[in-house]
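Peer 1: Structure of the sequence below:
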Amino acid sequence: MEKTKTNDDLTYRNSIGIEFILIPQGDFYMGSREYERNWYRNDHPLHKVRMGRSFYIGKYPVTQKEWIKVMDFNPSRAIGDNNPVDKVTWHDAQEFISRLNSMEGIERYRLASEAEWEYACRANTETRYSFGDDPLDLSEHGWYVEDNSTGTYPVGLKKANPWGLFDMHGNIWEWVQDSYHDSYTGAPDDGSAWVDSDAKKDIRVLRGGSWLASAAGCRSVSRYFYPAGGRKSRRIGFRLVMDV
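Peer 2: Numbering: from 1, shown residues only. The predicted model follows:
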């Protein structure tokens, strides 16, 4: 694994070219603020989460070029080497992770927990988006429905968030590890994934919004859900985490 240092932030590029950025440990408040609660009802109560360890997260969603290097096929609808891989199930993402770990002889790659994803997206901000509160500025930072898109766009074309992560708002919904719950009542406060054992109700969380989402659907708190085995949506991809 190649280690580089850029702009005083420690980054890694792995064996197939995926770039990672180190996310520091810290505390944050997860969920929507009072003024956001009239938008959705599944992203509260606001609660404090303590991220007790740092982790690496992908600078971009996993691209089709990276996916093909591991999986040898491309399920995507919007074809492009640097477009996010789409039409992948949660189980597909897990298979990719398993194969990549095996290729590199490690057990460090995984999906983010929902708390890790929001913490990385917010990047020490408390506004609706990592760049502020005004949805009129969203077009500078992410692809969403107002762009009249017909599919995903190549990653990294919009502005990064304060921690150097791209496409956290819009472009493609991203699988995380957690099972879906209607609220955060009872959620872990240590940043770990909240996973149910009932396979018959295997509904998983999606974060970040997509090219077809509204501005409200691309906020830092925005969350959606989908069956873990669902393959129909061309709006779903994923981003990797690598343990330190």
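
Peer 1: From the chain's centroid, how far away is stretch 173-186?
Peer 2: On the basis of C-alpha atoms, centre = their mean, to the nearest Å, stretch 173-186 sits 12 Å off its chain's mean C-alpha point.

Peer 1: That stretch - what's its average pLDDT?
Peer 2: Mean per-residue pLDDT for stretch 173-186: 96.

Peer 1: Ends of that stretch, what's the gap?
Peer 2: One end of stretch 173-186 sits 24 Å from the other (C-alpha to C-alpha, to the nearest Å).

Peer 1: got the buried residues for it?
Peer 2: Trp173, Glu174, Trp175, Val176, Gln177, Asp178, Ser179, Tyr180, His181, Tyr184 (16 or more other C-beta atoms under 10 Å). C-beta: built from backbone N, CA, C; applies to glycine.

Peer 1: Under a three-state scheme, what state does the fifth one occupy?
Peer 2: Same thing as Gln177. With DSSP: H, G, I helix; E, B strand; the rest coil as the basis, Gln177 sits in strand.

Peer 1: these two touch, right, it and Trp117?
Peer 2: No: with contact defined as C-beta atoms under 8 Å, Gln177 and Trp117 do not form a contacting pair (9.2 Å).

Peer 1: Give me the common contacts of these two.
Peer 2: None of the residues lies in contact with both Gln177 and Trp117 under the rule C-beta atoms under 8 Å, 6 or more residues apart in numbering.

Peer 1: Helices of the chain, start to end?
Peer 2: Ranges of helices in the chain, per DSSP state H, are 64-71, 90-104, 114-122.

Peer 1: would CSV of those helices with mean neighbour count, distance to Glu19 and mean pLDDT be doable?
Peer 2: Listed next are the helices of the chain as CSV, based on neighbours: other C-beta atoms under 10 Å; distance: least, C-beta to C-beta, whole Å; pLDDT from 0 to 100:
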stretch, mean neighbour count, distance to Glu19, mean pLDDT
helix 64-71, 19, 10, 98
helix 90-104, 17, 14, 98
helix 114-122, 25, 14, 98
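
Peer 1: which residues of the chain score low on pLDDT?
Peer 2: Residue ranges of the chain with pLDDT under 70: 1-9, 37-40, 199-200.

Peer 1: Tell me which residue is most central in it.
Peer 2: Centroid-nearest residue in the chain: Glu174, 4.4 Å away (criterion: C-alpha atoms, centre = their mean).
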